[in-house]
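S.K.: Sequence and predicted model, in that order:
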Amino acid sequence: MNIEACRCIEGVVMTLLDLTPRVAVSDRLATLPVVIIGAGPVGLAAAANLVERGIDFVVLEAGETVAASVRAWGHTRLFSPWKHLVDPASRRLLEARGWELPSPDRAPTGAELVDLYVDPLAQLEEIASSIRTGVHVTAVSREGMDRTRSRGRDATPFVIRTRDTEGNVAEIVARAVIDASGTYSSPNSLTSSGLELLGLGEIAGHVMPALPDVLGRDRAHFAGKHVTVVGAGHSAANTLLGLVSLAREEKGTTVSWLIRNAQAVRVSSSPDDELVGRAHLGARVDRAVDRGDINLVDGFEIIRANRAGAAVELIGQRDGEMVTHTTDIVVNATGFRPDLDMLREIRLELDDIVEAPKRLAPLIDPNVHSCGTVEPHGFGELTHPERGFFIVGMKSYGRAPTFLLTTGYEQVRSVTAWLAGDMAAATQVELVLPATGVCSTDLGAAGGCCS
């Protein structure tokens, strides 16, 4: 037998070897669950849609309870009324058990959203039995395949590595992965460069995350202190207004606002703003600045930080000169970004600028779109080269600040329809938003346009 014949036979054998595991693994995939990362409103909406589709699933939540991030800003009253905050599939499951939608036109707080909707949904038997809390996902990959291997990839199960609160590491095998982990735990840097703040370790105890409960849970932390809020979005504006109220009640409380641009465009009031609540919010901040209740420091580019006794020094550039801003407490309200570390072995196709799925990014560009102008989108815009892997919810928007819960609900409806093989339902994407969009305007509200 000559060499060419050997090569031919070898090729036939390799082809047979390739085909056999593909068939076996494909059959195996059908028996595996879909893993949902995150048990917030969008993650649980994905679970509800999968229940209706009869598809097995597991929900992994890093927090000790479902909707842990929402609970963290539970003092927030959303601008969205109840009729825009409940997922249709979830509503059907709940109403079958006698649940009733709260006042449709009333806007709840985050805590009310959890107590009256998210918790009851998570407690439904067909969902509760599949939720695992206190489980942090550290990595997602393909079983036996890093991102460089292609042969048979689509037919190979996903493997999700986890770590629980006691440090135990485990792996779960899945047919598909829906990443609804959000961005709340991944704030942007305080620096204008986007890099970690130099000296952050020195001042870490003096830095608070966005959306602190200024007038409630965190009151003692701020009372009588000089507090500096960094950021130009709506979370910054609402925190500032809370601090202004606190300053009237607690002597010695002073408020500064650091922004890197000449004007906080996102919260500036405008008669042309279709979002009346948003314009009102901006006007309130403007008045507080004019009265001197807020010390506005604009054009400040933070570079590093130092401890100065019990105080904090933020050092940066302003008008081409190095300057120092001294304060007691810093609130990081600079927005959020997606945590992509756990997805290093997944083949992603992300926009270079906002880190959203590439097909979705043009639809949510914050330079073009506001809360109410995002076009309907579903599995097609959320698709990555990694077949069966989807990023949904706030994380799907990358660094763009215009996400709405109702948008996330339509995303997971489309994705779960695709997973069920119902292409007609998956491709018929509809998204009906209020003419003015759905943004949060009350005290403590989330940055950008959230829910």
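M.R.: Looks like it arrived, so ask away.

S.K.: All the strands of the stretch 301-450 of the chain, residue numbers only.
M.R.: Remark: strands assigned in the stretch 301-450 of the chain by DSSP state E, counting those that start in this stretch are 301-308, 311-318, 321-327, 329-332, 389-391.

S.K.: In this structure, where is pLDDT below threshold?
M.R.: 1-26, 263-279, 367-373, 433-451 (pLDDT under 70).

S.K.: okay, now the domains of it?
M.R.: Domains of the chain are assigned by automatic domain parsing as 32-185+336-427, 200-332.

S.K.: one step back: looking at the strands of the stretch 301-450 of the chain, which is nearest to T133?
M.R.: Nearest to T133 among the strands of the stretch 301-450 of the chain is strand 389-391; the distance by C-beta to C-beta comes to 21.1 Å. Using the backbone N, CA and C atoms, a C-beta is placed for each residue, glycine as well.

S.K.: which helices and strands does that closest one pack with?
M.R.: Contacts defined by 3 or more C-beta pairs under 8 Å, 6 or more residues apart in numbering; DSSP states H and E place strand 389-391 against strand 176-179, helix 379-382.

S.K.: Any chance of JSON lines for the ones you listed, columns mean neighbour count and distance to A128?
M.R.: Formatted as JSON lines, the helices and strands packed on strand 389-391 follow (neighbours: other C-beta atoms under 10 Å; distance: least, C-beta to C-beta, whole Å):
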{"stretch": "strand 176-179", "mean neighbour count": "26", "distance to A128": "18"}
{"stretch": "helix 379-382", "mean neighbour count": "20", "distance to A128": "27"}
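
S.K.: Make CSV out of the ones you listed and add distance to T407.
M.R.: Below are these laid out as CSV (distance: least, C-beta to C-beta, whole Å):
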stretch, distance to T407
strand 176-179, 15
helix 379-382, 11
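
S.K.: what's near enough to touch A400?
M.R.: When contacts are counted by C-beta atoms under 8 Å, 6 or more residues apart in numbering, A400 touches V354, A356, A361, I364, D365, P366, G448.

S.K.: ok, so of those residues, who is nearest S256?
M.R.: G448 (22.1 Å).

S.K.: What ranges does the stretch 1-150 of the chain have for its helices?
M.R.: According to DSSP state H, counting those that start in this stretch, the stretch 1-150 of the chain carries its helices in the segments 3-29, 41-53, 68-72, 88-95, 110-113, 119-122, 125-128.

S.K.: E126 against V51, yeah?
M.R.: Yes. Applying C-beta atoms under 8 Å, one finds E126 in contact with V51, separated by 5.0 Å.

S.K.: who's more crowded, these two?
M.R.: V51 (20 against 13; other C-beta atoms under 10 Å).

S.K.: G398 is in contact with L340, isn't it?
M.R.: No. Counting by C-beta under 8 Å, G398 does not reach L340; the two are 9.4 Å apart.

S.K.: shared neighbours of these two, anything?
M.R.: With C-beta under 8 Å, 6+ apart, G398 and L340 have common neighbours L350, E355.

S.K.: and the two? which has more neighbours close in?
M.R.: Comparing G398 with L340 by other C-beta under 10 Å, the one with more neighbours is G398, at 24 against 16.
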